[in-house]
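Trainee: this one's sequence-less:
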């Protein structure tokens, strides 16, 4: 099979290349870049010594023979290319936020951009791979989830779906490594600004708030209006997201029973493991998600810790997982690698 | 004036020395250490090149002429020495948790140790210096607050005292640098364990939970039963604590009005500043606390970010501030230094 | 094939497991640990979720059916087990310093330990895999090189072998990540000691000095007495070694010609790449070595920068490479993974 | 006294402000900035909560009443302003490279810029404060040394001046924190590029090479032609420089005698201390320099480790020290602060 990556020089794009390059079902990967066309990949990312990889300028005609196309472009820009590819009948996995909502109003409210293809939103499948497998199978247009929503939703899902927690009052305090801010050169991501610092940003206004709410509302059987308070923080690590999720218990339940419920949802052979103490160092750089659960009986609260690698499970790895599910490959193909510690 | 530090080789102890050494009202500082007696300070902490400082073994008779004694010892061990000093009429500022509660039951429940001097608890003043100045003036026994309670209480206090937030349902998500774990050699604080990692610990069970609750209950006029959910995290920085505090609004209030209320509580000339974006890098290594406030109107929630240097405002600096207040010095003496960035 | 790892819970040992676990020629890996016998691997290294891996106590009888044994033990302790295994006819790759010298005197001088099996030293092959392939093929006892010697020797070898540099006056200034200090709990490797610090250690006395000299002397055709000045530094990163090598030019040569010579020595398809600017971030966590060369014409000096992952190319990866060569597998089996950046 | 800082928003400039703000002989500090004129200092550097500090546009007429002016501007740009101030009779300490050479040819060769005021070079004093005190006293134009030259020259000076080492063959391997690269926003100083990485740059071509050579040649009694090989490395710490200096011994000398010689050069009460093991963590953020010495008798080599804070001793602190010496203040005024560890 032949894959193409549009926007390969961003951090999600380059990790996609690394994973697809070692994927047993993918024979070749074509690489496209607006900003570096004509350059050798190894001149930009010297970890790849192979001199065969030249970055090409995106042209729809060069791509039409791809079996699958990954778009790793900024939101707003992505939608034109995604639709062009989709109309040509190509299978597309889009890593931007452009196709993650069925309702264009939510997109427009939180992204502050008019959606140019609202009629296609209904055709896109939300690729939260470990939850939404049935819809993903055979899908032609997959909206790959955001990094924060992936960590948050995997952490909260079983408790939420089983009605163990109240649907209101959920608080998600997220901590992210700096690669989550992308490869763009910015003052706020200079080493001197980030090193030895802890900061919060976009309190209550981060776009991923709406993505989390939207996913919970959609997956929820009765159409409730779920709202979450989401606060992201920047932590001086390269990779890794931890979401600390606070929820009020709806039912009396002890920790062991809760863990059993989670283990029923997430097969032991899959990418999600229930652990005593979830720490980012054990999931980076893998497609795994570690979850640990604590019940504060005194307060009737559940505290869920969910950790992922933001570039793998939170982007490129989940995209490959979506491809595997959609195309009927074994779900773990190309994603077997464990976390690397120390 | 002559000061003594018992337990100078811990991280709080050595910062106390640094601050007292540059304090215009302190002529001499005597240093005591169990583990390093007879050694030169500069052999343990080479940043101090002076060869006059020799670490002595603690003996009450050597200390009686001190005008003030700081005890920077582990809880449980501290109380014997504190009481011995106090009985001799010495003024003591204790940095351990041993005298932070009026009610010995709370101490015993959370510290899992029997208090050997419960009758003295009532004589100790809780040294939350920026809030509790009146009681601190002239006090002979001051319990210096913990690092997490200091950041949390300074952040929450004006909103709490003014009845702006509901007294139940407060969640404090704290992030701390590793010096907070002390100078002891441990596997969990090895560089390879901490670097490039985010972790949570003691969820719902950390002792500082009870200290925060206790302080809010004590300061509160009507004796309510306030409970908070407190979750500390370890972040790969040396110093700095951020507490992200989530509270439900009791009253309709906008951000500007709230900031005005905070500014009324905290004089502009003091150690606490209201800022647009509180980040640890701007308060380390100073005695300052930066606070930023966000109201999530959609959810009726207040999010408070409060940042301090855990070893200064959260330990040694606040101890010196307590001394300044208790002895009638100008409150900022020896603590004027600004944060150092970059 | 069946492999065994003795000492799997150290940092080299656990990386060996990770690599062998994904090695297409290895069907099973048995794990041995003195300190953690009876425990599940995943309780110590939670990145491995598989619950089949139990750490066993070393007994020679349990190991005799292994096709290959890796010993990842401290020097001095390793030699007894290595010889026991070797006498039983097992193929052994030893990651300690115990079998890296032909001459026991050098070992005893630099390691300050009497060698108990000097007669076996001659039977061991020095496993500098990219240089010493011929001897490694079919070897039964391979001494896997140290991390610093690997980076140093790969960097210097072509210039040295071709007589381009003077054999005296070589200076190697090395910078290492902290995982190189091993998994033992020590004060000097606590986060607060390492973070935001640069330090040097063992100046002129590090054991790897003798290993580098010994290898250069042995590979050298005429028995010269080569001496190098080697200074290691600790850098606040987890992984990665950079060696900055200073040598006096023997011949007039320009940079392009020198690069051509290096490229002749190191096949483009192998693990060593000549790059414009060698940085550790592009080789971690891979088995690759990046080398960059600068000629200071003003001073007649060559500056070689050589970077590796200390736990992969400098330990576990090279051990697997040695196995591949010795057993006739394709040299890159199980070691194809590129560096991961960001 | 009144001081002015031209270019206060760079990293050296802001540290100058912090130091002068606490300097007992300085009553007021005026701040000038091209890029941020009209802004409040605290909006750019929130560690300074004082709202009196407004950044002004540079105009010579506003500055003429300053007793001392510090210029912290890029080289090439600095010289025009320095000369304008100097001609008005103002005392100037220039932190750029523009006035560090007597010979404009060297400047032009290494900085690749024509010097527009070569006739003034002879009037400038090289402000290597701990070595060059006599010339600095009363000077009106002081060229503050570069960060690498300061660490290098302080480390090498006594051995060099006493003829203990050979004047040829000196190698300086330097490691620097990232603040040394300045406050400009660049790809190479983004967090993801620097964190967990070790890199070298400008091998044999860094401008500070010429500054070190020039200083050694000038201080040297007989006009020799000293050349050094200087290689800087970037290390993932915010602050701190270590220079590891390799020199060939001219004379037989043991370590104790050498330390005695160094201690004679550097008064115990000054800023330079001879220590067992020089590490950056004990000098940051102070004006101190720690030096440790090792003699490799086997090779007849001296290895000098010299560490400083690049922004203090390597820039702002030395500038204040130069002011103190030039104006006849006590040399340590405003610079007494010890290193801060942990």
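Mentor: Cool, the structure landed. Since this is a predicted model, take the numbers as computed values, not measurements.

Trainee: quick one: stretch A:151-160 to chain centroid distance?
Mentor: Chain-centre distance of stretch A:151-160: 14 Å, with CA atoms, centre = their mean, to the nearest Å.

Trainee: how near is the residue of chain A most remote from its centre to residue A:164?
Mentor: Most distant residue from the mean C-alpha position of chain A: residue A:298, 34.2 Å away (CA atoms, centre = their mean). Applying CB to CB, to the nearest Å, the value for residue A:298 to residue A:164 is 18 Å. Yep, even glycine has a C-beta here, placed from its N, CA and C like the rest.

Trainee: and residue A:191, by the same measure?
Mentor: Remark: distance between residue A:191 and residue A:164 (CB to CB) = 43 Å.

Trainee: more neighbours: the two, which one.
Mentor: Between residue A:191 and residue A:164, counted using other CB atoms under 10 Å in any protein chain shown, the more crowded position is residue A:191 (28 against 18).

Trainee: isn't the more buried one up against residue D:234?
Mentor: No - using CB atoms under 8 Å, residue A:191 is not in contact with residue D:234; the gap is 9.2 Å.

Trainee: check which residues of stretch A:45-59 are buried.
Mentor: Buried residues in stretch A:45-59, defined by neighbour count with 16 or more other CB atoms under 10 Å in any protein chain shown: A:45-49, A:53, A:55-56, A:58.

Trainee: so which residues of the stretch 1-150 of chain A form helices?
Mentor: With helices called from DSSP state H, counting those that start in this stretch, the stretch 1-150 of chain A shows them at A:11-21, A:41-44, A:60-63, A:78-87, A:104-111, A:133-136, A:147-161.

Trainee: which strands and helices sit next to the helix or strand following the last one?
Mentor: With elements assigned by DSSP states H and E, the helix or strand that comes after helix A:147-161 is strand A:170-176. Contact here means 3 or more CB pairs under 8 Å, 6 or more residues apart in numbering or on different chains; DSSP states H and E; on that basis strand A:170-176 packs against helix A:147-161, strand A:228-234, strand A:241-248, strand B:170-176, strand B:241-248.

Trainee: hmm, the second one in reach of chain B?
Mentor: Yep, that's strand A:228-234 we're talking about. Yes - under the criterion of CB under 8 Å from any CB of the partner chain, chain B is reached by strand A:228-234 at A:229, A:231, A:233.

Trainee: low-scoring stretches of chain A, by residue?
Mentor: A:221-223 (pLDDT under 70).

Trainee: you'd agree residue A:34 is up against residue A:55?
Mentor: No - counting by CB under 8 Å, residue A:34 does not reach residue A:55; the two are 9.3 Å apart.

Trainee: what kind of secondary structure is the residue lying closest to residue A:258 once chain neighbours are set aside in?
Mentor: Nearest residue to residue A:258, sequence neighbours excluded (CB to CB, 6 or more residues apart in numbering or on different chains): residue A:293, at 5.6 Å. Reduced to three states with DSSP: H, G, I helix; E, B strand; the rest coil, the structure at residue A:293 is strand.

Trainee: end-to-end on stretch A:189-209?
Mentor: Using CA to CA, to the nearest Å, one end of stretch A:189-209 lies 22 Å from the other.

Trainee: what sits closest to residue A:150 if chain neighbours are left out?
Mentor: Looking at residue A:150 with CB to CB, 6+ apart, the closest residue is residue A:314, at 5.0 Å.

Trainee: for chain A, what spans make up the strands?
Mentor: A:2-6, A:28-32, A:68-71, A:92-94, A:125-126, A:141-143, A:170-176, A:199-200, A:228-234, A:241-248, A:272-274, A:289-296, A:301-308 (DSSP state E).

Trainee: can you mark which positions in the last one are buried?
Mentor: What it means is strand A:301-308. A:301-308.

Trainee: please apply the same query to the first one.
Mentor: If you call a residue buried by 16+ other CB under 10 Å, then strand A:2-6 has these buried ones: A:3-6.

Trainee: ok, residues contacting it?
Mentor: With contacts defined as CB atoms under 8 Å, 6 or more residues apart in numbering or on different chains, strand A:2-6 is touched by A:13, A:16-17, A:20, A:26-32, A:58, A:63, A:65-73, A:81, A:323.

Trainee: and the buried ones among those, selectable in PyMOL?
Mentor: Buried members of the contacts of strand A:2-6, defined by 16+ other CB under 10 Å, are picked up in PyMOL with:
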select buried, chain A and resi 13+16+17+20+26+29+30+31+32+58+63+66+67+68+69+70+71+72+73+81+323
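
Trainee: follow-up on the earlier one: ok, now which ones touch the residue nearest to residue A:150?
Mentor: A:145-148, A:150-151, A:180, A:241, A:308.

Trainee: farthest-apart pair in these, please.
Mentor: A:145 and A:180 (13.5 Å; CB to CB).

Trainee: not counting its neighbours along the chain, what's nearest residue A:137?
Mentor: Per CB to CB, 6+ apart, closest to residue A:137 is residue A:325, 5.9 Å.

Trainee: follow-up on the earlier one: looking at residue A:145 and residue A:180, which one has more neighbours?
Mentor: Between residue A:145 and residue A:180, counted using other CB under 10 Å, the more crowded position is residue A:145 (31 against 25).

Trainee: ok, the more buried one touching residue A:153?
Mentor: Yes - if you go by CB under 8 Å, residue A:145 and residue A:153 touch, sitting 7.3 Å apart.

Trainee: next, show the common contact partners of those two.
Mentor: In contact with both residue A:145 and residue A:153: A:128, A:215, using CB under 8 Å, 6+ apart.

Trainee: chain D contacts on chain A?
Mentor: Residues of chain A found near chain D (CB under 8 Å from any CB) are A:11, A:178-179, A:183, A:185-187, A:189-196, A:236-238.

Trainee: chain C next: which of those residues are close?
Mentor: Okay, of the residues of chain A next to chain D touching chain C (CB under 8 Å from any CB), that's A:11, A:179, A:183, A:196, A:238.

Trainee: considering the residues you listed, which is situated nearest to residue A:204?
Mentor: residue A:179 (23.8 Å).

Trainee: which one is that closest one nearest to, not counting chain neighbours?
Mentor: Once flanking residues are discounted, residue A:179 sits nearest to residue C:342: 4.7 Å by CB to CB, 6+ apart.

Trainee: quick one, what contacts residue A:248?
Mentor: By CB under 8 Å, 6+ apart, the residues touching residue A:248 are A:165-166, A:169, A:300-302.

Trainee: how about residue A:159?
Mentor: Per CB under 8 Å, 6+ apart, neighbours of residue A:159: A:165, A:247, A:258, A:261-262, A:302, A:304.

Trainee: starting at the chain centroid, how far to stretch A:85-102?
Mentor: Stretch A:85-102 sits 15 Å away from the centroid of its parent chain (CA atoms, centre = their mean).
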